[in-house]
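J.: Attaching a predicted model along with its sequence, questions to come.
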Number of protein chains: 2
Amino acid sequence: MSPVTPRRGRSAAGRAEVRRDLVTAAVDLFTAQGYDDTTVDDIAAAAGVGRRTFFRYFKGKEDAVSPDHERGLARIAEVFATAHPTEPLVSVVLRAGETVFDLYLSDPETARKRFALVHEVPALRDREAAMVHRYRRLFTKELAARLTDVDDGDLRAAVTGAAVVAAHNQALRRWLADGGTSDGTEACRAYFRRVAAMLPLEQAPDLEQVARRLERAARSLERRTN
Amino acid sequence: MSPVTPRRGRSAAGRAEVRRDLVTAAVDLFTAQGYDDTTVDDIAAAAGVGRRTFFRYFKGKEDAVSPDHERGLARIAEVFATAHPTEPLVSVVLRAGETVFDLYLSDPETARKRFALVHEVPALRDREAAMVHRYRRLFTKELAARLTDVDDGDLRAAVTGAAVVAAHNQALRRWLADGGTSDGTEACRAYFRRVAAMLPLEQAPDLEQVARRLERAARSLERRTN
DNA sequence: CACTCTAACGGCACTCCGTGCCACAGAACA
DNA sequence: TGTTCTGTGGCACGGAGTGCCGTTAGAGTG
C-alpha cells in the first residue's frame, strides 16, 4: 500500500524522528513551564527545527501532545471492515476498542506526562474531548450500520458507541490511578472487557416473561390432567 | 440569591439584550458568510458594540453560538442534589437529562441554525464536543457517588453517564432530522426515555428466584397428577 | 561525475484572536 | 451636587496559524 517513501530534504533525520522530537520537546516544555507560557517558537527551537516546520507536523499547538489519533481511528475502522459477518457484535466492538490501548500506552513515560497535562490544561482537555468525540462517532456509525433491523437500532448504536469509548477512557484512568505500570495494556484490556455485560446489543431474554409462560403452561397441563 | 442587578453604563440596553444581539449577529453572519470569513469585529459591529465588549460576553469566538451551558449543568446538578434518596436512579437520571432539552430548543429557529453551524464548522463541532464532555463528566460523577456499593460501580457510572448524554444528543438529532417542529421538547423527552432500558443500573433478574418458581410449579403439578 | 528533479525546510509577512490597560460616561447613592 | 461604581470603547501588544517563496539536500538518470 505505502511504499517506503524516501527521506528527502536537508535534514538527515526522517519525518518520524522529527515528529517524535517535537512531541518530546512539547511535552517537556509544557510540563516544565506550563502550556500557556510555552510558545510554538520554544517547541520548534527545542526540537531544532523552524517554527514553520512545526505547523507542517501538527495542525496546531494543542496537537503537539496527542498520539496519532488518525491511526487509532483507522485501526478501529479496519477491525469493523474485516470482521467476519457471523462474529457477535460485542466481540467486534471489544476487539476494536482494544487495538487503541497500545496507541496510548506504547511509551508509559510519555503517557503519564500526557495524561497529567491533558488533565490540568483546559485547552488540551477540550482537544482530547474532541478526539474522543470522533472515536464515539466512528463506533456509532459502524454499529448503526449493523443494527438496522433491531428495535431502536440508532439509539442502541449511539448508546453503545458512547459506552465503549467511556469504558476505554475509564480503563486508562484506572490504570493511571493504579500507578501506571509498564504492562498497562493487558490490565486495561481486562478491565475494558467488563463493559461487555453493560452494552445494550443483545436482547436480554425477559426471564420474568419466560417464568410466566412456564407457569401458564404448567397450569394448562394441570387442567388437562384433571 | 441574585438580586436584580441594575443596568449601568452608557448603553440604555441591558446586559441580556446586548448578549442576545451578539448571538443573533454571530449566527446570522456565520450562516451568511461562513465562520472563518467572519471576524469578531464584524460581529461586534453588527451588534453595535465595540470589539472589546464582545470578549466581555463570550470567552471566544466559538462561544458566540452556544446556549448557556452553565445553566444546563447547574440544572442537572440540582436534580441530583434534590432527588429523594429512595427514587430509583434511572428515574433521577432521566429527569436530569430532560431538564436540558428546553435549553437547546427554547427558540426553535435559532436552534436549527445553530445545529447547522455546529454540524459543518469544525471549530464549533469541537467546542460542542467539549461541552458534551462536561455534561458527561457531571453525570458520571453524580452516578459514581451513588454506585459505591455496586459491582464495577465506577465503570457502570462512566458507561451510564456516557449513554445518557449520547441518548440526549441522539434525541436532538432525531428531532432535527424529523424537520424540527416547534414542540420538540416533548418529542425529545419521549425518545430520550427509551434509553432507560439500556442502562446498566439495575441488577439482572434473580435467576435463583426464577428457578424456585419453576420448581414449585413442577411440584404442584406433580402432586396433582399423582 | 554532473545534471535535474523533488520534497522538505526556513524565513518573512500578514491576518486575526484574545488580553491588559486606561480613560470615559452615565446611573446610583450620599 | 459631587462621589462612586460599573459597563464600555480604544489602543497596543503577544502569540497562533497561514500563504508565499527562495534554498537545500538527497534521489534518480545519463
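T.: Structure received.

J.: is chain B contacted by stretch A:30-44?
T.: No. Using CB under 8 Å from any CB of the partner chain, stretch A:30-44 stays clear of chain B, with a minimum separation of 14.4 Å. C-beta coordinates here come from the backbone N, C-alpha and C atoms, glycine included.

J.: Residue B:158 is in contact with residue A:169, correct?
T.: Yes. Assessed by CB atoms under 8 Å, residue A:169 is found in contact with residue B:158 at 7.2 Å.

J.: Who has more neighbours out of the two?
T.: residue B:158 (30 against 19; other CB atoms under 10 Å in any protein chain shown).

J.: Show me the strands in chain A, by range?
T.: Counting by DSSP state E, chain A has no strands at all.

J.: what's the residue closest to the geometric middle of chain A?
T.: For chain A, residue A:100 is the residue whose C-alpha lies nearest the centre (CA atoms, centre = their mean; 5.3 Å).

J.: if I look at that one, how far off is residue B:31?
T.: Distance, residue A:100 to residue B:31, using CB to CB, to the nearest Å: 36 Å.

J.: residue boundaries of the helices in chain A?
T.: For chain A, the helices defined by DSSP state H occupy A:15-33, A:40-47, A:51-57, A:69-82, A:89-98, A:101-105, A:108-120, A:122-146, A:153-177, A:184-193, A:207-225.

J.: is DNA strand D contacted by the second one?
T.: Yes. If you take CB under 7 Å from any atom of the strand as the test, helix A:40-47 does meet DNA strand D, through A:40, A:41.

J.: Now residue A:180. Its backbone dihedrals?
T.: Note on residue A:180: its backbone torsions stand at phi 70, psi 60 [degrees, to the nearest 10].

J.: quick one: it and residue A:108 touch, right?
T.: Yes. Between residue A:180 and residue A:108 there is a contact under CB under 8 Å: 6.0 Å.

J.: Quick one: low-confidence residue ranges for chain A.
T.: Along chain A, segments meeting pLDDT under 70 span A:1-13, A:182, A:203-209, A:226.

J.: Find the closest residue to DNA strand D in chain A.
T.: residue A:60 (2.9 Å; CB to the nearest atom of the strand).

J.: Please tell me how far that residue sits from residue A:135.
T.: Taking CB to CB, one finds residue A:60 at 19 Å from residue A:135.

J.: Comparing the two, which residue is more hemmed in?
T.: Set residue A:60 next to residue A:135 and count neighbours by other CB under 10 Å: residue A:135 wins out with 22 against 11.

J.: doesn't residue A:76 make contact with the more buried one?
T.: Yes. Shown here, residue A:135 and residue A:76 form a contact pair, counting by CB under 8 Å, at 7.2 Å.

J.: shared neighbours, those two?
T.: Residues touching both residue A:135 and residue A:76 by CB atoms under 8 Å, 6 or more residues apart in numbering or on different chains: residue A:100.

J.: Stretch A:125-145 and chain B in contact?
T.: Yes. Judged by CB under 8 Å from any CB, stretch A:125-145 and chain B are in contact via A:125, A:126, A:127, A:129, A:130, A:132, A:133, A:136, A:140.

J.: now stretch A:48-67
T.: No. Contact of stretch A:48-67 with chain B (CB under 8 Å from any CB) is absent, the minimum separation being 9.8 Å.

J.: distance between the ends of that stretch?
T.: 21 Å (CA to CA, to the nearest Å).

J.: and that stretch, does that touch DNA strand C?
T.: Yes. Residues of stretch A:48-67 contacting DNA strand C under CB under 7 Å from any atom of the strand: A:48, A:49, A:50, A:51, A:52, A:53, A:56, A:57.
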